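Engineer: Below are the sequence and a predicted model; questions follow.
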Amino acid sequence: MKCIWIMCAVSVYASAGEYAVLSTGFRVHAESHETANEMVRLHTRDGVIEVPTATVTGFQKEEFTPPPPAPPAAPLATTAPSVTPPLTTKELVTEAAKRAGLPPALVHSVAKAESAYQTKAVSNKGAIGVMQLMPGTAAALHADPNDPRQNVEAGAMYLRELLLKYDGTVSKALAAYNAGPGAVDKYHGVPPYRETVNYVNRVIQQYEKNQSTQVSP
């Protein structure tokens, strides 16, 4: 009886494969086979095995069960971007006051007296928004008076300029904010206009109240 010998593999087979059933009862797994000169060549994953044709009683197809597909990858957890809510009108006033270097309580007192924080307020003289900016004043400060943030920022800066002009005298600065610097300069102080006098008193009273309670408006 001829012995079985192994040759080097020359190719790789991707088929499901088969079993060569030998007369001894053993089975040899092979990717494929071919017959030549009374010999059967079994192409295995490790090489080629040759056996006499007479020793092979038959071939059985290997039942190939494909592996189950990999489960789909779980979607990466994403964190929803945090959304910062827009600032309220009062928060805008506080920020503008701090940027202008003014006490927030003072700027809040002006905003309350001017418009009660109403962003759409328009006076009969044409003053606009929370800080009631006249169009000419807003233009000089390069601000859009209809934009609440720009309106408040410009109003705070304008109040700061008036305080600097009048050496920190709050009553004069408030009177100029209400009636214009020309009127204050003319009367060398708060002009004797009922509206302006009431305005200055109202703002100062509110400012003192805010300071005494130390509560943000």
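Structural biologist: That came through, no problem. It should be emphasised that the depicted structure is a prediction, and the values quoted were computed from it without experimental measurement.
Engineer: Where in this structure is the helix or strand with the lowest mean pLDDT?
Structural biologist: One helix or strand of the chain scores below all others by mean pLDDT, DSSP states H and E: strand 5-7, with a mean of 35.
Engineer: Centre of the chain to the helix or strand just after that strand, how far?
Structural biologist: Following strand 5-7 in sequence order, the next helix or strand is strand 18-22 (DSSP states H and E). Relative to its parent chain, strand 18-22 has a centroid offset of 65 Å by Cα atoms, centre = their mean, to the nearest Å.
Engineer: now stretch 182-194
Structural biologist: 51 Å.
Engineer: Repeat that for stretch 116-136.
Structural biologist: 34 Å.
Engineer: Give the buried residues for it.
Structural biologist: Buried residues in stretch 116-136, counted by 16 or more other Cβ atoms under 10 Å: 117, 119, 127-134. Where C-beta positions appear, they are placed from N, C-alpha and C, glycine not excepted.
Engineer: swap in stretch 30-38?
Structural biologist: Across stretch 30-38, burial judged by 16+ other Cβ under 10 Å covers 30-31, 33.
Engineer: what's next to that stretch, contact-wise?
Structural biologist: 12-13, 15, 17-20, 40-45, 49, 52-54, 59 (Cβ atoms under 8 Å, 6 or more residues apart in numbering).
Engineer: Domain ranges for this protein, per the record?
Structural biologist: 5-61, 89-213 (automatic domain parsing).
Engineer: What are the boundaries of the strands in this structure?
Structural biologist: 5-7, 18-22, 27-30, 32-36, 39-44, 47-52, 56-61 (DSSP state E).
Engineer: Make CSV out of those strands and add distance to residue 174.
Structural biologist: Below are those laid out as CSV (distance: least, Cβ to Cβ, whole Å):
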stretch, distance to residue 174
strand 5-7, 106
strand 18-22, 102
strand 27-30, 100
strand 32-36, 101
strand 39-44, 101
strand 47-52, 102
strand 56-61, 101
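Engineer: worst average pLDDT in those strands?
Structural biologist: Here the strands of the chain differ in mean pLDDT, and the lowest is strand 5-7 at a mean of 35.
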